[in-house]
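Student: Predicted coordinates and the sequence they were generated for:
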Amino acid sequence: MAGKGRKSARDKAQLEFVSEAEELLERMRDDLSALAEAHAQGREAQPATVNQLFRSAHTLKGSAGMFGFAQLSELAHHLEDVLDRLRMGRATLGRPGLALLDESVSLAATALEKLGRGAGDETLSDAISDLVGRIAAFDATPQPETGPALSSLELPAGLLRALTEYEEARLRESLARGRGLHLIEVELELSAFEETLGELSRAILEVGELISTLPSPGAASDSRIRFLLLAASELSASELANRLELDVSAVRPARGQGAPPGRAPAAAGAMAPSETKSVEGEAATLKSLSETVRVDIKKLDELMNLVGELARERAALRALGVRLAEERATAGLARELDKIQRGLERKVQELQAGVLDVRMVPLRQVFDKLTRVTRRLKLDLGKDVRLELRGAETELDKLIVEQLVDPLMHLVRNAFDHAIESAEERDRAGKPREGLIRIEATQRGHDVALLVRDDGRGIDPDQVRASAAERGLIAEDAQLSRRECFDLLFLPGFSTRSNVTETSGRGVGLDVVRSNLSALGGLVVMDSTLGRGTQVTLTLPITLAIVQALLVGVLDQSFAIPLGGVRETLLVAPSDLQRSAGRELLNLRGEALPVLRLAHEFGLPLPAHDQKQYAVVLGMGDARVALLVDRLEGQQDAVIKPVQGPLRAVRGVAGATELGSQHAVLVLDVSALVEDGGYRREGPA
């Protein structure tokens with residue numbers, strides 16, 4: 001048992017390592033994208049970015065080595081060496097070096113993925129060894145390590161002694177480039193000095209470089225603290241003070257100046273400011289500043305399943321109370337049970353809302369990755385395209401957000417390669433030379449809509465129809481609506497382009513978008529205007545974990561429909577239904593809705609022709625269909641579980657759920673029903 005406990009603890013620690021390493025690699029990808037963009041534009045890379053890359057590689061090396069992942073640790077070690085030479089100014093980084101760093105981070109991410117699945121990194125041993133060899137042999141252009149003697153500078157002696165090797169290297173680099181050096185002394189409120197100092201540091205980075213920040217022992221009140229900052233900038237001292245909104249006397253040129261007022265020269269052997277921290281202060285920093293914890297999504301799934309079980313038991317209690325109320329002898333007990341049941345219901349609802357809230361994450365996680373991909377595509381394709389992102393704080397279930405990455409990646413790549421024209425073509429069309437891709441997320445009730453727009457060349461529906469007929473996908477004389485034409489683009493292998501590119505054009509991608517969205521219970525709709533651009537609308541449920549469901553019945557069978565996809569219900573007579581072009585339609589306040597019969601969809605006997613039925617109006621986004629059922633059986637919370645066995649691949653079935661009566665029913669896939677029933681809502685294109 002003890003051994004099992006130790007193994008479990010180590011497994012948890014390894015999962016924690018994978019989670020932390022994943023965050024490190026995400027940050028490294030962002031930093032590498034920033035370096036690549038700076039290099040492409042001929043700008044100097046931000047030293048802080050290179051230094052942060054180095055720290056990330058250093059942390060990854062130590063963590064991987066601690067858990068025995070030798071291959072990953074060795075890769076991070078060599079990566080750290082290259083980045084150390086770069087940040088210390090001993091090497092320069094060109095395009096080959098950037099490619100090598102990018103390949104290193106990508107391979108580290110692959111190794112981490114294997115570790116997350118429980119496999120070791122030994123399977124990548126050859127690839128890592130080869131890459132480590134190339135990193136070791138990387139011939140970065142050496143830079144002279146000598147520079148201006150820092151002792152010749154008239155800086156405070158304590159400041160010079162406190163400089164790290166990296167800060168000394170940055171100081172020499174600034175001197176070599178002829179930048180002005182400035183000492184900035186500020187006095188900040190102790191209660192908010194971190195935020196204020198952070199704002200000041202960011203303002204300095206906009207006009208130069210912050211080389212060092214140290215506490216200053218100058219006189220200050222008990223509620224305030226003094227800091228001395230060493231900055232390099234092309235601006236003069238007065239210009240820098242104005243830019244930072246400081247008093248001119250707070251910014252002093254560092255060359256030719258002695259120690260600033262209020263700061264006595266350090267005595268020989270005196271400790272540097274960073275060493276004067278008291279034991280009490282050091283102990284205080286041991287308390288974590290963060291109030292967040294990482295939680296495995298599988299644990300949240302287990303909690304959600306338990307909440308679903310509680311909801312089912314709650315429904316059983318409600319049914320028992322109804323039975324007790326029917327008997328005079330137990331009517332009093334029924335009233336007491338009803339009070340308990342109502343209290344339980346409130347608590348279960350609060351618990352359900354709390355677990356759902358923990359599962360929700362902002363779309364910013366996906367948007368950040370798309371920004372990085374856009375930077376790379378701009379470099380690879382040589383196109384000037386701006387990516388606009390709106391609604392980054394819109395929240396979705398964590399599992400849905402993870403599955404959204406690939407569909408959105410395909411859409412952005414297709415927009416870059418297919419839709420956005422070259423700068424010359426845009427000039428001829430009277431468009432701005434800079435293309436635009438906009439992704440906008442909005443919440444619509446129980447759904448979230450993602451609109452992906454571009455201002456490119458657009459798609460001709462007639463060309464799509466002709467291409468489909470040429471491939472034998474439709475008849476030559478087929479009459480298709482605009483939506484049906486654009487839906488053809490989502491068929492596997494379909495493409496209107498004859499050339500193949502590295503980015504897209506292989507006839508894959510859009511079918512992946514539709515299949516991934518369908519698996520998430522979502523819907524994808526495309527529309528395009530020739531010469532003006534294309535819009536793809538992705539509609540998704542906020543969560544797949546636990547939903548309110550409408551129970552419906554056909555003959556002796558019951559089914560559950562997620563309530564988020566139900567727009568309304570109404571009783572209809574056979575005379576309310578019409579037929580047009582071989583399809584049944586329901587006239588709902590002047591709108592002709594396609595009709596699906598649930599009995600027909602599952603091969604059950606149809607009701608008599610004169611029998612009234614209930615129409616459940618289903619909707620995803622702007623698309624709606626009417627589903628005919630025999631009866632409505634009420635509402636209930638449902639935990640959707642995957643269906644095992646031969647039914648797992650049946651279209652229109654999202655899963656199964658258990659009812660309070662201890663039997664399972666199928667949960668209908670609203671997006672599939674709406675998609676299958678809504679193709680002929682429009683007239684011919």
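Tutor: Yep, it's here. From a predicted model like this one, the values you see are computed outputs, not experimental measurements.
Student: Pop the domain breakdown of this structure in here.
Tutor: The domain map for the chain lists 13-136, 151-255, 298-360, 363-541, 547-677, with the assignment taken from automatic domain parsing.
Student: Between the two ends of the shortest one, how far is it?
Tutor: Terminal residues of domain 298-360 lie 14 Å apart, using C-alpha to C-alpha, to the nearest Å.
Student: Give me the residue ranges of the stretch 501-650 of the chain where confidence is low.
Tutor: Confidence mapping of the stretch 501-650 of the chain against pLDDT under 70 gives the ranges 501-509, 544-545, 643-649.
Student: Model confidence at Cys424, what's the number?
Tutor: One correction, residue 424 is Glu, not Cys. Glu424 is assigned a predicted lDDT (pLDDT) of 91.
Student: Is it in a helix, a strand, or coil?
Tutor: Three-state assignment for Glu424 (DSSP: H, G, I helix; E, B strand; the rest coil): helix.
Student: Number of residues surrounding the nearest residue to Leu112 once chain neighbours are set aside?
Tutor: Leaving aside its sequence neighbours, Leu112 sits nearest to Ala21 (C-beta to C-beta, 6 or more residues apart in numbering; 5.3 Å). (Each C-beta comes from the backbone N, C-alpha and C, glycine too.) Ala21 has 25 neighbours, counted by other C-beta atoms under 10 Å.
Student: Ser191 too?
Tutor: Neighbourhood size, Ser191 [other C-beta under 10 Å]: 11.
Student: Just confirm it contacts Ser223, I think it does.
Tutor: Yes. At 7.2 Å, Ser191 counts as touching Ser223 under the criterion of C-beta atoms under 8 Å.
Student: Correct me if wrong, but Leu370 is in a helix.
Tutor: Yes. Membership of Leu370 in a helix is supported by three-state DSSP.
Student: Phi first, then psi, for Asp669.
Tutor: phi -90, psi 100 (degrees, to the nearest 10).
Student: you'd agree it is up against Ala654?
Tutor: Yes. Counting by C-beta under 8 Å, Asp669 touches Ala654, with 4.0 Å between them.
Student: Need the residues touching each of these two.
Tutor: Counting by C-beta atoms under 8 Å, 6 or more residues apart in numbering, the common neighbours of Asp669 and Ala654 are Gly521.
Student: Settle it for me: which of these two has more neighbours?
Tutor: Counted by other C-beta under 10 Å, Asp669 and Ala654 do not tie: Ala654 has more neighbours, with 28 against 23.
Student: Is the more buried one in a helix, a strand, or coil?
Tutor: strand.
Student: Enumerate every residue touching it.
Tutor: Under the criterion of C-beta under 8 Å, 6+ apart, the neighbours of Ala654 are Gly521, Pro562, Ile640, Val667, Leu668, Asp669, Val670, Ala672.
Student: how much space between Asp477 and Ala581?
Tutor: 15 Å (C-beta to C-beta, to the nearest Å).
Student: Contacts for stretch 88-103 next, please.
Tutor: 32, 35-36, 39, 45, 53, 79, 82-83, 85-86, 131, 134-135, 138, 140-143, 145, 165-166, 169-170, 172-173.
Student: May I have it exported as CSV, CA atoms only?
Tutor: Provided in CSV are the C-alpha atoms of stretch 88-103 (Å, rounded to 0.1, in the frame of the first residue of the first chain):
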residue,chain,number,x,y,z
MET,A,88,25.2,37.9,-23.1
GLY,A,89,25.9,39.4,-26.5
ARG,A,90,28.5,36.6,-27.4
ALA,A,91,26.5,35.5,-30.5
THR,A,92,24.1,36.9,-33.0
LEU,A,93,20.9,35.1,-34.2
GLY,A,94,20.0,34.9,-37.9
ARG,A,95,17.3,33.0,-39.7
PRO,A,96,19.1,29.6,-39.4
GLY,A,97,19.4,30.1,-35.7
LEU,A,98,15.7,31.0,-35.4
ALA,A,99,14.8,27.9,-37.3
LEU,A,100,16.9,25.8,-35.0
LEU,A,101,15.4,27.3,-31.9
ASP,A,102,11.9,26.8,-33.3
GLU,A,103,12.6,23.2,-34.2
